[in-house]
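1. Sequence and predicted structure below; questions after.
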Amino acid sequence: MAAVNGSSSNIQGVPTHVKSICCIGAGYVGGPTCSVIALKCPHIKVTIVDINPVRIAAWNSDVLPVYEPGLDEVVRECRGRNLFFSTDVDAAIKEADLIFVSVNTPTKTSGVGKGFAADLHYVEASTRRIASVATSSKIIVEKSTVPCRTAASMRTILESNSTFAADGTQISFQILSNPEFLAEGTAIRDLFAPDRVLIGSLDTQQGKAAANALSEVYENWVDRSKVYQTGLWSSELSKLAANALLAQRISSINSLAAICEATGANVDEVAHACGLDGRIGNKFLKASVGFGGSCFQKDILNLVYLSESLGLKEVSDYWHQVIKMNEYSKERFARKVVSTLFNTITFKKIAVLGFAFKKDTGDTREAAAITLCKYFRQERAFIAIYDPKVTTNQIMLDLTEPGVVDDAEAVRKQVRIATSMQDACDDAEAVIICTEWDEFKNASKQEWEAIYKAMKKPSFLFDGRGIVDTKMLREVGFKVHAVGKGPVIVDPVWA
Ligand SMILES: NC(=O)c1ccc[n+]([C@@H]2O[C@H](COP(=O)([O-])OP(=O)(O)OC[C@H]3O[C@@H](n4cnc5c(N)ncnc54)[C@H](O)[C@@H]3O)[C@@H](O)[C@H]2O)c1
Ligand SMILES: O=c1ccn([C@@H]2O[C@H](COP(=O)(O)OP(=O)(O)O[C@H]3O[C@H](CO)[C@@H](O)[C@H](O)[C@H]3O)[C@@H](O)[C@H]2O)c(=O)[nH]1
């Protein structure tokens, strides 16, 4: 293996051929994204750093902190070769000629913009760290999802604090926006073959040179035609816009699911019929209990806040409705469970299949299952949860109300973590499918028969993801409710 280190050439202080990359933030984005860069660019040294030593230790172990199909193989191939995970943030900053800032940007929980605006203090801390330790010119890349014009704040911080290199020349920073579009569960596939790579830069010679240097990194495996260079603000806004448009489709189909249930129409048929129109397209029209994940809600709230700050109240109200519809979908589903179980689930056992916000990830951020389980807890049900990837600790943490005395103990009494579908469903009155894991989707008729046999009668099944064969399950004996597919048939004479 050739040496991966070495200094790069530059145009007016902008590194033009990237040799060393630092990624600040070893999370769901920084870890997989920069591991794939290391795999595809063996001539570049990639160091992923984080202030969280537990996370870094996990990245250096056999059990990575992020579950993603294909990620283990990527990391195994490059780690120790040109991919390194470290807590030494300063050393990695100093060595790099390009730095990805890939830290978390959660919704603010206090202060101005509470509940809507993005909390940018992790981005600012990283930027200040770069400014204080850098001893050479660098390209700084916003990978985190940020509000429009964040790059301007970063630039001000960097320029106000920039120092001199060893040869006496002032060091300079070029800021790029390069939002990430990967979806969890398919991150490696998405990174290997992205629909597009978006790079925003200032419209200056140095800005363009920096954008070209980053483009050159991606062109090691992505066709140049897929790299789209724009202005900085368009790039920042495009990330929020893309997520808002995707989430809007889900809220739209979920609103139609409610109409389907009231009329007897089938939402899958409606989605298919609409999706056949090339202008509409068939993707992202799967009705569900509601969308989850760390991004959609956070980024739309960010867009709502941005619009309101700009005095665009109607625009802000418009996007806020996407979130409200999602909340309504989750609540409508939970209410359906209670009303179908004869208006009470107190002391009844409810089996919840799936806790992650989607399949093929262990991530539970904003998962619909959390909202449902909290609702069931308030109705004083006993809950048995099975998820193939989410840990017991994570589930207990997610269901415990912060600040409520003894709630952790109460959760332990009310919630049991099961080891299999069958284990969760034994003696239950109802099964609730919250995540579309293949294990649930592909369960055989015999498996469902065994589950049915072990449940209380009547046995109800609520499919929040539209994945099971409702006809087959009705043959087995279940009373089935699937989102957007008509009313629950409790008594066959009503059929
Ligand atoms: N999760 C996704 O699928 C996804 C996809 C696209 C974009 N994004 C965006 O990417 C960003 C990161 O998301 P994530 O899911 O990876 O978050 P994450 O919480 O999993 O990871 C962020 C990491 O940054 C670290 N960090 C925070 N401040 C730091 C600092 N000053 N120095 C070093 N490390 C620091 C944290 O310890 C954490 O490990 C967010 O802005 C998010 O909106 C996420
Ligand atoms: O037709 C659909 C598609 C998705 N979902 C749900 O929507 C949520 C989000 O799914 P998905 O978008 O596949 O996963 P994320 O990892 O949240 O990815 C989104 O958020 C990322 C973070 O910004 C972006 O990078 C991705 O492009 C964007 O798809 C999940 O709960 C899904 O179950 C539906 O209910 N119906």
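-> Ah, there it is. Numbers count the residues shown, from 1 in each chain. Ligands and ions are numbered 1, 2, ... in the order given.
2. if I pick Arg365, what's in contact with it?
-> 292-294, 357 (C-beta atoms under 8 Å, 6 or more residues apart in numbering). The way it works is simple: take the backbone N, C-alpha and C, and place the C-beta from them, glycine included.
3. So it versus Thr107, what's the distance?
-> Using C-beta to C-beta, to the nearest Å, we find Arg365 at a distance of 11 Å from Thr107.
4. Now do the helices for the stretch 201-350 of the chain: every range, in order, please.
-> Applying DSSP state H, counting those that start in this stretch to the stretch 201-350 of the chain gives helices spanning 205-218, 232-263, 267-275, 296-309, 313-340.
5. got TSV for those helices, with mean neighbour count too?
-> Formatted as TSV, those follow (neighbours: other C-beta atoms under 10 Å):
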stretch	mean neighbour count
helix 205-218	20
helix 232-263	19
helix 267-275	17
helix 296-309	22
helix 313-340	18
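6. any chance of those in CSV, plus distance to Cys23?
-> Converted to CSV, the helices of the stretch 201-350 of the chain look like this (distance: least, C-beta to C-beta, whole Å):
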stretch, distance to Cys23
helix 205-218, 12
helix 232-263, 18
helix 267-275, 37
helix 296-309, 21
helix 313-340, 30
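7. ok, Tyr386 - how many residues close by?
-> Tyr386 has 25 neighbouring residues, counting by other C-beta atoms under 10 Å.
8. wait, doesn't it sit right on Ile350?
-> No. The criterion here is C-beta atoms under 8 Å, and Tyr386 misses it with Ile350 at 12.0 Å.
9. What does Leu71 show for phi and psi?
-> Phi and psi for Leu71, reported as degrees, to the nearest 10, are phi -70, psi -40.
10. In contact with it, which residues?
-> Taking C-beta under 8 Å, 6+ apart, one finds 31-32, 35, 64, 187-188 in contact with Leu71.
11. Quickly name whichever of those residues is closest to Glu327.
-> Each of the contacts of Leu71 was scored against Glu327 by C-beta to C-beta, and Ala187 proved nearest at 26.9 Å.
12. how near is the closest one to ligand 2?
-> 8 Å (C-beta to the nearest ligand atom, to the nearest Å).
13. for this structure, what are the low-confidence residue spans?
-> Where the chain drops to pLDDT under 70, the residues are 1-9, 11, 487-495.
14. what's Val197 sitting at in phi/psi?
-> Per degrees, to the nearest 10, the backbone of Val197 is at phi -120, psi 120.
15. Was I right to think it contacts Asn220?
-> No. Val197 lies out of contact with Asn220 (C-beta under 8 Å); the separation is 11.5 Å.
16. more neighbours, the two?
-> Val197 (21 against 13).
17. which ones are touching that one?
-> 178, 215, 218, 222, 226-228.
18. Dump these to JSON lines, plus distance to ligand 2.
-> Converted to JSON lines, the contacts of Val197 look like this (distance: C-beta to the nearest ligand atom, whole Å):
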{"residue": "Asn178", "distance to ligand 2": "12"}
{"residue": "Ser215", "distance to ligand 2": "20"}
{"residue": "Tyr218", "distance to ligand 2": "16"}
{"residue": "Val222", "distance to ligand 2": "16"}
{"residue": "Lys226", "distance to ligand 2": "15"}
{"residue": "Val227", "distance to ligand 2": "17"}
{"residue": "Tyr228", "distance to ligand 2": "15"}
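19. Okay, and which of those map to strands?
-> Within those, residues falling in strands by DSSP state E are 227-228.
20. If you rank the contacts of Val197 by neighbours, which is first?
-> Asn178 (24 neighbours).
21. which one is that residue nearest to, not counting chain neighbours?
-> Distances taken as C-beta to C-beta, 6 or more residues apart in numbering put Val141 closest to Asn178, at 4.9 Å, once the chain neighbours are dropped.
22. gap between the closest residue to ligand 1 within the chain and ligand 2?
-> Of the chain, the residue with the smallest distance to ligand 1, taken as C-beta to the nearest ligand atom, is Gly27 at 1.9 Å. In this view, Gly27 and ligand 2 are 12 Å apart by C-beta to the nearest ligand atom.
23. Which residues are in contact with that residue?
-> Here Gly27 is in contact with 50, 55, 66, 102-104 (C-beta under 8 Å, 6+ apart).
24. Please tabulate the residues you listed in JSON lines, including the columns secondary structure, neighbour count and distance to ligand 1.
-> Below are the contacts of Gly27 laid out as JSON lines (DSSP: H, G, I helix; E, B strand; the rest coil; neighbours: other C-beta atoms under 10 Å; distance: C-beta to the nearest ligand atom, whole Å):
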{"residue": "Asp50", "secondary structure": "coil", "neighbour count": "23", "distance to ligand 1": "4"}
{"residue": "Arg55", "secondary structure": "helix", "neighbour count": "21", "distance to ligand 1": "5"}
{"residue": "Val66", "secondary structure": "coil", "neighbour count": "22", "distance to ligand 1": "8"}
{"residue": "Ser102", "secondary structure": "coil", "neighbour count": "29", "distance to ligand 1": "5"}
{"residue": "Val103", "secondary structure": "coil", "neighbour count": "24", "distance to ligand 1": "4"}
{"residue": "Asn104", "secondary structure": "coil", "neighbour count": "18", "distance to ligand 1": "4"}
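25. can you redo those residues as a markdown table with distance to Glu436?
-> Shown next, in a markdown table, are the contacts of Gly27 (distance: C-beta to C-beta, whole Å):
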| residue | distance to Glu436 |
| --- | --- |
| Asp50 | 31 |
| Arg55 | 27 |
| Val66 | 19 |
| Ser102 | 27 |
| Val103 | 30 |
| Asn104 | 26 |
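26. Of those residues, which pair is most distant in space?
-> Val66 and Val103, at 15.1 Å, using C-beta to C-beta across these.
27. what about stretch 106-120, distance to the chain center?
-> 18 Å (C-alpha atoms, centre = their mean, to the nearest Å).
28. wouldn't Pro194 be in contact with Lys226 here?
-> Yes. Counting by C-beta under 8 Å, Lys226 is a contact partner of Pro194 at 6.5 Å.
29. which parts of the chain sit against ligand 1?
-> Listed as neighbours of ligand 1 in the chain under the rule C-beta under 6 Å from any ligand atom: 24-30, 49-52, 55, 89, 102-105, 122, 125-126, 144-145, 180, 182, 184, 294-295.
30. 5 Å - rerun?
-> 24-25, 27-29, 50-52, 55, 103-105, 122, 125-126, 144-145, 180, 184, 294 (C-beta under 5 Å from any ligand atom).
31. Just to be sure, which of those residues are found in strands?
-> Filtering the residues of the chain next to ligand 1 for strands - DSSP E - leaves Ile24.
32. Which among the residues of the chain next to ligand 1 count as buried?
-> 24-25, 27-29, 50-51, 55, 103-105, 122, 126, 144-145, 180, 184, 294 (16 or more other C-beta atoms under 10 Å).
33. Which one, of the helices of the stretch 201-350 of the chain, ends up nearest to Val404?
-> Taking those one by one with C-beta to C-beta, helix 313-340 is closest: 19.9 Å.
34. gap between that closest one and the chain center?
-> 20 Å.
35. touching ligand 2 at all, it?
-> No. Helix 313-340 does not reach ligand 2 (C-beta under 5 Å from any ligand atom); its nearest approach is 8.8 Å.
36. packing partners for that helix?
-> Packing partners of helix 313-340 (3 or more C-beta pairs under 8 Å, 6 or more residues apart in numbering; DSSP states H and E): helix 232-263, helix 296-309, helix 368-378, strand 430-433, strand 460-463, strand 479-482.
37. now it and helix 368-378, what's the angle there?
-> 50 degrees (axes from the mean of the first three to the mean of the last three C-alpha atoms, to 10 degrees).
38. show me what contacts Lys108?
-> 114-119.
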